[in-house]
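1. From the sequence below, what's the structure:
(4 chains)
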2 protein chains.
Amino acid sequence: MAEDGGARSGRPLRPNTLPTMADVALLAGVSHQTVSRVLNGHPSVSAATRERVLAAVKELDYRRNLAARALVTRRSRLLGVISYDTTLYGPASTLHGIQRAARRAGYFVSVASLKALDRATISDAFDRLAEQGVEGLVVIAPVHEALRALATVTERVPMVVVEGGAVRGLSSVSVDQVAGARLATRHLLDQGVSSVVHVAGPRDWPEAEARMSGWRRELALAGCAAPTPLRGDWSPASGYAAGRRLAAADPSVEAVFVANDQMALGVLWALHEAGVRVPADVLVVGFDDVPEAAYYVPPLTTVRQDFATVGQRSIELLLHHIGDRPSEPPAVVVQPELVVRRSSLR
Amino acid sequence: MAEDGGARSGRPLRPNTLPTMADVALLAGVSHQTVSRVLNGHPSVSAATRERVLAAVKELDYRRNLAARALVTRRSRLLGVISYDTTLYGPASTLHGIQRAARRAGYFVSVASLKALDRATISDAFDRLAEQGVEGLVVIAPVHEALRALATVTERVPMVVVEGGAVRGLSSVSVDQVAGARLATRHLLDQGVSSVVHVAGPRDWPEAEARMSGWRRELALAGCAAPTPLRGDWSPASGYAAGRRLAAADPSVEAVFVANDQMALGVLWALHEAGVRVPADVLVVGFDDVPEAAYYVPPLTTVRQDFATVGQRSIELLLHHIGDRPSEPPAVVVQPELVVRRSSLR
DNA sequence: GCAACAGATGTGAGCGCTAACACGTACCGG
DNA sequence: CCGGTACGTGTTAGCGCTCACATCTGTTGC
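-> Residues are numbered from 1 along each chain as shown, chains lettered A, B, ... in the order given. Predicted structure coming up:
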């Protein structure tokens, strides 16, 4: 065991350079090809040779040069991810799921985290990933514009779109936003309210649109007219603004379905500030189930999205594409789940 | 302009293969070396030739093969990041800062996001990054154990540690946790309370220890005895548990300094549930300034850590190391900032 | 008018690895 | 006892690129 990190016992061919297969081969008294075979788990290597090679690898602290490997195999073992603002809980969790699934499958992940979603930015991100030789692409593209930009990328790289709504020809993974919104709205109606107000996400976001349409559908089913939704931008600040308008304008509001938890937090605070009690006076439901939602004041009823599963499924789908399986399920839909807490219980 | 993505006009040497420099060279009527020069911005290329080459590049939709480039230059232009749970706000923001700074400097980033911080996991992550040929490493290592594991990695890869406290020989970037904690404690004392209780983070986290010692120091300066701190694990749930104990045990508690915002959220809810009013009965201060903190009930006074700057500085420091500048500042300290909101104002 | 030079371009080698094939040696049946 | 068939191992070529150097212009100085 080479526990003394200071003294390298092997004599590399050239100093000041990382050891190569040739160095290992020399030390083990075999050819570099045999070293390669050992490292790649090729069957036809005798146990004794394998031992000797592994010992040499350990002694030299040798590690393969993946660039050289990629060059000759024409496979980078790299997957690319294009994502919007990985600081947010949703994308961050999805990305985490992607990373884990990719690693399990023996792939690396290269991430391009964008601040904007215009065509130039996306195309630049794509170029960077293409140069790295990514074998496939996951696009966490929550905005219509991004998908339009992507459509102009006429590359032959397998691609999976996450949370972008349906796109012609592209396979996608997403949470059933409409179903989630209906769950939330239905739940509020079940509490006996006569209607439900909606604080929506920004236009141009398919997720926001889908949640809105689910809310509309469920209200229609219950025979309620849908009031004009308020618009936010996902931020707590915008939720706060919406909450203030709600509290000021209309004392008849009985229930609010907010398009995400962060905005719901803003709404809760605005209502609290205005002396409106939740849930006694108004019921509130959010969307996402961020880890903090259970400790909001009051604990927030919300729709849980399993981002980890979304990430995992997107990699599974992508790997199928890379494997050239001809016809795969073009779309994977993950079902959301209503998590009931006090904010919606009378 | 090749606006029609469907028709590739160039005739690659081999079909079914991405175009290479040779293909571009052929089309432009120059040598592959000239293509290389154009792409690398080498000065001695005539304007006319450059134009022709760029046109060929565009027509073939050519992109460099970075693996081949890395092989010959012996530079991967890749930086590695080892981080703990990139789902959390702090690491996610830091990572984002790192990515941006790295990209600006022309580097790619490969991330190993760990779920555990034992030696085996860290060493595995290190192996994966080393195989990729990372030129430097940023370790977001919030736990003593990780640093110990890292110390056994006897590699010659430049390394910067983020938020790990001081480590012998390793340069580091961190927020001045002690100063932040003192700011928070001082502020509470300034409100006229006679003492401050602390809900601390887990043992083995240097950040938690530093915040605790800052709190101790400031209390000592004010001549107060420091009560035994409560321990949490950073989660809202653990904050809630601490809050309940606080509310139940001691009606004399006037102020609480909580080691992070998530736990503070749990504390706030526990106090609310117990009928303890914040800030009327008890003052609360958190740490981090997550985006939601301004909308907690009540809005939370907290200590802002500029994670983006931390990420950026860590890359700057790392690049200095890679550039073989002999003696760089071994440690960069970013100053935190107190953000006063209602939870701490009588 | 020719050496000296600078700028623009081409040529060859080789980075570290894997794929394909060639080459042993041992063991089998006829 | 020889051809076949394993199996283990070595040899060679080449992935796509950049580096060092060679070459080939055209321009300048004396």
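
2. Just list the residues touching A:Arg103, thanks.
-> By CB atoms under 8 Å, 6 or more residues apart in numbering or on different chains, the contact set of A:Arg103 is A:109, B:128. Every C-beta, even on glycine, is put in place using the N, C-alpha and C of the backbone.

3. quick one: the host helix or strand of it to helix B:89-104, angle?
-> Assigned by DSSP states H and E, A:Arg103 belongs to helix A:89-104. For helix A:89-104 against helix B:89-104, the angle by axes from the mean of the first three to the mean of the last three CA atoms, to 10 degrees is 70 degrees.

4. in helix A:89-104, what's buried?
-> A:89-103 (16 or more other CB atoms under 10 Å in any protein chain shown).

5. Looking at those, which one is closest to DNA strand C?
-> Of all those, A:Arg103 has the smallest distance to DNA strand C: 18.6 Å, by CB to the nearest atom of the strand.

6. which bits of chain A sit near DNA strand D?
-> Listed as neighbours of DNA strand D in chain A under the rule CB under 7 Å from any atom of the strand: A:29-34, A:37, A:43-46, A:48-49, A:68, A:71-72, A:74.

7. Give me the subset of those residues that also touch DNA strand C.
-> Restricting the residues of chain A next to DNA strand D to those within reach of DNA strand C (CB under 7 Å from any atom of the strand) leaves A:32-33, A:68, A:71-72.

8. any idea which of these is closest to B:Asp176?
-> A:Ala68 (43.9 Å; CB to CB).

9. Give the full set of residues in contact with that closest one.
-> A:Ala68 is in contact with B:67, B:71, counting by CB under 8 Å, 6+ apart.

10. So what does A:Ala112 look like in phi/psi?
-> When read as degrees, to the nearest 10, the backbone of A:Ala112 gives phi -110, psi 110.

11. burial of it, as a residue count?
-> Using other CB atoms under 10 Å in any protein chain shown, A:Ala112 has 22 other residues around it.

12. how about the nearest residue to it, chain neighbours excluded?
-> Residue nearest to A:Ala112 in three dimensions, not counting chain neighbours: A:Ala125, with 3.7 Å by CB to CB, 6 or more residues apart in numbering or on different chains.

13. Spit out the contact partners of A:Pro206.
-> A:142-144, A:163-165, A:177.

14. rewinding a little: from B:Lys58, how far off is the residue nearest to A:Ala112?
-> 19 Å (CB to CB, to the nearest Å).

15. quick one: the helices in chain A?
-> A:21-28, A:32-39, A:47-60, A:66-73, A:89-104, A:119-131, A:144-151, A:177-190, A:206-221, A:236-249, A:261-273, A:307-322 (DSSP state H).

16. Give me whichever of these is most buried.
-> helix A:261-273 (a mean of 26; mean count of other CB atoms under 10 Å in any protein chain shown).

17. Run the angle between it and helix B:261-273 for me.
-> Going by the same axes, to 10 degrees, helix A:261-273 makes 30 degrees with helix B:261-273.

18. so what secondary structure elements neighbour helix A:261-273?
-> Contacts defined by 3 or more CB pairs under 8 Å, 6 or more residues apart in numbering or on different chains; DSSP states H and E place helix A:261-273 against strand A:197-200, helix A:236-249, strand A:255-258, strand A:283-285.

19. Indicate which one of these is closest to DNA strand C.
-> The nearest among these, by CB to the nearest atom of the strand, is helix A:236-249 at 50.1 Å.

20. That closest one near chain B anywhere?
-> Yes: legend: contact between helix A:236-249 and chain B by CB under 8 Å from any CB of the partner chain is shown at A:236-237, A:239-240.

21. center of chain A - which residue?
-> A:Thr94 (2.2 Å; CA atoms, centre = their mean).

22. Would you check that that residue makes contact with A:Thr309?
-> No: judged on CB atoms under 8 Å, A:Thr94 makes no contact with A:Thr309 at a distance of 9.4 Å.

23. Tell me which two of the residues of helix A:236-249 next to chain B sit farthest apart.
-> Within the residues of helix A:236-249 next to chain B, A:Ala237 and A:Gly239 form the most distant pair, 7.2 Å apart (CB to CB).

24. Touching both of those two, which residues are there?
-> Shared contacts of A:Ala237 and A:Gly239, defined by CB under 8 Å, 6+ apart, comprise A:266, B:295.

25. Quickly note the distance from the residue lying closest to A:Gly106 once chain neighbours are set aside to DNA strand D.
-> Excluding the flanking residues, the one nearest A:Gly106 by CB to CB, 6+ apart is A:Arg77, at 6.4 Å. Distance of A:Arg77 to DNA strand D, given as CB to the nearest atom of the strand, to the nearest Å: 15 Å.

26. cool, A:Val339 as well?
-> 51 Å.

27. For that residue, grab the count of nearby residues.
-> Residues lying near A:Val339 (other CB under 10 Å) number 17.

28. What are the contacting residues of stretch A:48-57?
-> By CB under 8 Å, 6+ apart, stretch A:48-57 touches A:10, A:24-25, A:27-30, A:34-35, A:38-39, A:45, A:62.

29. returning to what we had before: the residue nearest to the centre of chain A: what's it in contact with?
-> Going by CB under 8 Å, 6+ apart, A:Thr94 touches A:83, A:140, A:162-163, A:307-308, A:310-311, A:314.

30. Kindly report the same for A:Leu129.
-> Going by CB under 8 Å, 6+ apart, A:Leu129 touches A:80, A:82, A:110, A:112, A:137.

31. sorry, back to before: which stretch in the helices of chain A is the model least sure about?
-> Note on the helices of chain A: lowest mean pLDDT is at helix A:144-151, with a mean of 78.

32. pretty sure A:Asp85 is in contact with A:Leu114, am I right?
-> Yes: counting by CB under 8 Å, A:Asp85 touches A:Leu114, with 7.5 Å between them.

33. Common neighbours of the two, please.
-> The overlap between the contact sets of A:Asp85 and A:Leu114 (CB under 8 Å, 6+ apart) is empty.

34. now, which of the contacts of A:Leu129 sits nearest A:Val282?
-> Taking CB to CB as the measure, A:Val282 sits nearest to A:Ile82 out of those, at 39.2 Å.

35. Identify the residues contacting that closest one.
-> With CB under 8 Å, 6+ apart, A:Ile82 has these contacts: A:112, A:114, A:122, A:125-126, A:129, A:137-141.

36. Need the pLDDT of it.
-> Model confidence at A:Ile82 (pLDDT) stands at 93.

37. A:Val167 too?
-> 67.

38. what about stretch A:36-56, start to end distance?
-> Counting by CA to CA, to the nearest Å, you get 13 Å between the two ends of stretch A:36-56.

39. same deal with stretch A:22-34?
-> Chord length of stretch A:22-34, first to last residue, is 10 Å (CA to CA).

40. anything in that stretch near chain B?
-> No: Stretch A:22-34 stays clear of chain B (CB under 8 Å from any CB), getting no nearer than 14.2 Å.

41. Likewise for stretch A:295-312?
-> Yes: with CB under 8 Å from any CB as the criterion, chain B is reached by stretch A:295-312 at A:295-297, A:299.

42. Could you list which of the residues you listed belong to strands?
-> Among the residues of stretch A:295-312 next to chain B, DSSP state E puts none in strands.

43. Please convert those residues to CSV, extending it with pLDDT, distance to A:Val284 and neighbour count.
-> Output for those, formatted as CSV (pLDDT from 0 to 100; distance: CB to CB, whole Å; neighbours: other CB atoms under 10 Å in any protein chain shown):
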residue, pLDDT, distance to A:Val284, neighbour count
A:Tyr295, 97, 15, 27
A:Tyr296, 96, 9, 30
A:Val297, 93, 11, 21
A:Pro299, 97, 11, 19
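
44. Let me have those residues in TSV, adding distance to B:Asp261 as columns.
-> Output for these, formatted as TSV (distance: CB to CB, whole Å):
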residue	distance to B:Asp261
A:Tyr295	11
A:Tyr296	13
A:Val297	14
A:Pro299	17
